[in-house]
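K.L.:
Prediction below, plus the sequence it came from.
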Amino acid sequence: MKTYLQVMTLFSSLSLLSIGGGNTVIPEMHLRAVRAHHWLTNHQFGDIFSISQAAPGPSILIVALVGYAAGLTVAGDLAGILGGLIAAAAMVIPAATLVYVLTLFWQKAQKSRLRHAVEKGLAPLTVGLILASWLVVSRAADHDWRAYLLTAVCTVIFLRTKTNPLIVVAAAGLIGYIGFV
Amino acid sequence: MSEIESPQKKVSLFELAWAFNHIAIASFGGGLSAWSREILVVDKHWMEEQEFLSAMTMCRILPGANQVNMAVFAGTKLRGILGAAAALFGLFLIPVVFILAMGYIYFRFKEVPSVTHVLHGASAAAVALTLTMAIKTGRKCLTGVVPVMFFVASFVLSGILRWPLVETLGILAPLGVIWGWPRKSAA
């Protein structure tokens, strides 16, 4: 019970601290989960980080795996699953509530000049940030020339053809399974 | 202007949850924001391009994971609080089950599941999807000297000099808003 409370407190506070996206609180999460609570080892933290990065859905679901590890220290796998669910809910609900309230205000400002200015002014910046995240992710992913080649081929397919992107992603997954990248 | 169709046809909660479920599943390997755009802007026309892009940056500034915030934003916009809940439910249901299954395999058998090889390959395509998104949205909104300058500045500061987001946007976002402020003389 105490562990679950710790999981809930930790992640609900990290939720509101995660300004700039979930990855900004990874260092703090590591500090608490590994050093302070000893829910998992350093090495395990590295492993669950890479699992959560590639898994479908928001990469913030790393918290479910930290919660799982915390639950395991209490009892068996069921306790782990419960810990994972508590961690995920604690990480999502506070920030989501804040965004909900702000969205209500934003929707009321539908016709305001501020909204017009924000939409026009932030759009080009966002394109720059998207390109920046592409650069950062492909560097961090430790890609070798084969992965870059695969990325280049996929980009051409996405830009030049109407192929469903899902088919391309699945094919790339298959290529990964064979062990080419 | 076409956006005056604004009392949009009411989107059902199921459709909302289903759309975010689609986004979540498609994003194995990453590329979640590219998939969000693909579905919300291109497929469903629930958001305009500029609205989506600006919301994306606002969602990044606010606490919480970007795409979780985007789900709350889109859900609230379309159907209020129930819409937000439906979007989150759709976004999380399968990924949570998946990640807990990964956790089970990992902690029980002490090894990283072999699915990760598949995910590694898929991530090369997901990276391509992000690049494609930058190119496609860039073609639409980099239509003058000023927008291109903002684009280059945010790319260099964030991607090359690796400035933290708070500082990058602290400088560029106010400038962008001033630039975007409607002038009376403009038609």
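P.N.:
Right, received. Where do you want to start?
K.L.:
Quick check: which element contains the residue most central in space within chain B?
P.N.:
Centrality entry for chain B: nearest residue to the mean C-alpha point is B:Ser33, 3.3 Å, by C-alpha atoms, centre = their mean. Using DSSP states H and E, B:Ser33 maps to helix B:32-37.
K.L.:
who's in contact with the closest residue to chain A within chain B?
P.N.:
Proximity of chain B to chain A (C-beta to the nearest C-beta) peaks at B:Gly121, 1.7 Å away. For every residue, glycine as well, the C-beta is placed using N, CA and C. Taking C-beta atoms under 8 Å, 6 or more residues apart in numbering or on different chains, we find B:Gly121 in contact with A:Leu150, A:Ala172, A:Gly173, A:Leu174, A:Ile175, A:Gly176, A:Tyr177, A:Phe180, A:Val181, B:Gly29.
K.L.:
same thing but 7 Å
P.N.:
A:Ala172, A:Gly173, A:Leu174, A:Ile175, A:Gly176, A:Tyr177, A:Val181 (C-beta atoms under 7 Å, 6 or more residues apart in numbering or on different chains).
K.L.:
Would you write a ChimeraX line that selects the buried entries of the residues you listed?
P.N.:
Per 16 or more other C-beta atoms under 10 Å in any protein chain shown, the buried members of the contacts of B:Gly121 correspond to this ChimeraX selection:
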select /A:172,173,175,176,177,181
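K.L.:
A:Gln6 touches A:His37, doesn't it?
P.N.:
Yes - the pair A:Gln6 and A:His37 passes the contact test of C-beta atoms under 7 Å, sitting 6.4 Å apart.
K.L.:
mind listing the helices for chain B?
P.N.:
Per DSSP state H, chain B carries helices over the ranges B:13-26, B:32-37, B:49-61, B:66-109, B:115-141, B:145-155, B:165-180.
K.L.:
With A:Leu14 as the reference, name the closest of those helices.
P.N.:
A:Leu14 lies closest to helix B:66-109 among those, at 13.2 Å (C-beta to C-beta).
K.L.:
follow-up on the earlier one: determine which of the helices of chain B approaches A:His116 most closely.
P.N.:
For A:His116, the closest of the helices of chain B is helix B:165-180, at 6.9 Å, according to C-beta to C-beta.
K.L.:
buried ones in the closest one?
P.N.:
So for helix B:165-180, counting by 16+ other C-beta under 10 Å, buried means B:Leu165, B:Thr168, B:Leu169, B:Leu172, B:Ala173, B:Gly176, B:Val177, B:Gly180.
K.L.:
what subset of those residues is also close to chain A?
P.N.:
Counting by C-beta under 7 Å from any C-beta of the partner chain, B:Leu165, B:Leu172, B:Ala173, B:Gly176, B:Val177, B:Gly180 from the buried residues of helix B:165-180 sit close to chain A.
K.L.:
Now do the phi/psi pair for A:Gly179.
P.N.:
phi 100, psi 20 (degrees, to the nearest 10).
K.L.:
got it, and B:Ala65?
P.N.:
phi -70, psi 140.
K.L.:
Mind putting the ones next to chain A among the buried residues of helix B:165-180 into a markdown table with pLDDT?
P.N.:
Shown next, in a markdown table, are those (pLDDT from 0 to 100):
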| residue | pLDDT |
| --- | --- |
| B:Leu165 | 82 |
| B:Leu172 | 94 |
| B:Ala173 | 93 |
| B:Gly176 | 94 |
| B:Val177 | 93 |
| B:Gly180 | 92 |
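K.L.:
Relative to B:Pro95, which of the residues you listed is nearest.
P.N.:
So of these, ranked by how close each gets to B:Pro95 (C-beta to C-beta), first place is B:Leu165, at 24.0 Å.
K.L.:
surely that closest one meets B:Thr57?
P.N.:
No - between B:Leu165 and B:Thr57 there is no contact under C-beta under 7 Å: 9.2 Å.
K.L.:
residues contacting the nearest residue to the residue of chain B closest to chain A once chain neighbours are set aside?
P.N.:
The shortest distance from B:Gly121 to any non-neighbouring residue, by C-beta to C-beta, 6 or more residues apart in numbering or on different chains, is to A:Gly176 (1.7 Å). Applying C-beta under 7 Å, 6+ apart, we find A:Gly176 in contact with B:His117, B:Val118, B:His120, B:Gly121, B:Ala122.
K.L.:
Quick check: A:Gly176 vs B:Ile23, distance?
P.N.:
As for A:Gly176, its distance to B:Ile23 is 21 Å (criterion: C-beta to C-beta, to the nearest Å).
K.L.:
Geometrically speaking, which residue is the centre of chain A?
P.N.:
A:Ser59 (2.1 Å).
K.L.:
gap between it and A:Ile167?
P.N.:
23 Å.
K.L.:
Also B:Ala74?
P.N.:
In terms of C-beta to C-beta, B:Ala74 sits 25 Å off from A:Ile167.
K.L.:
Then A:Val118?
P.N.:
A:Val118 is 36 Å from A:Ile167, where distance means C-beta to C-beta.
K.L.:
Tell me the confidence at residue 63?
P.N.:
Since you didn't name a chain, this refers to chain A. As predicted, A:Val63 sits at a pLDDT of 96.
K.L.:
meant chain B, my bad for not saying
P.N.:
91.
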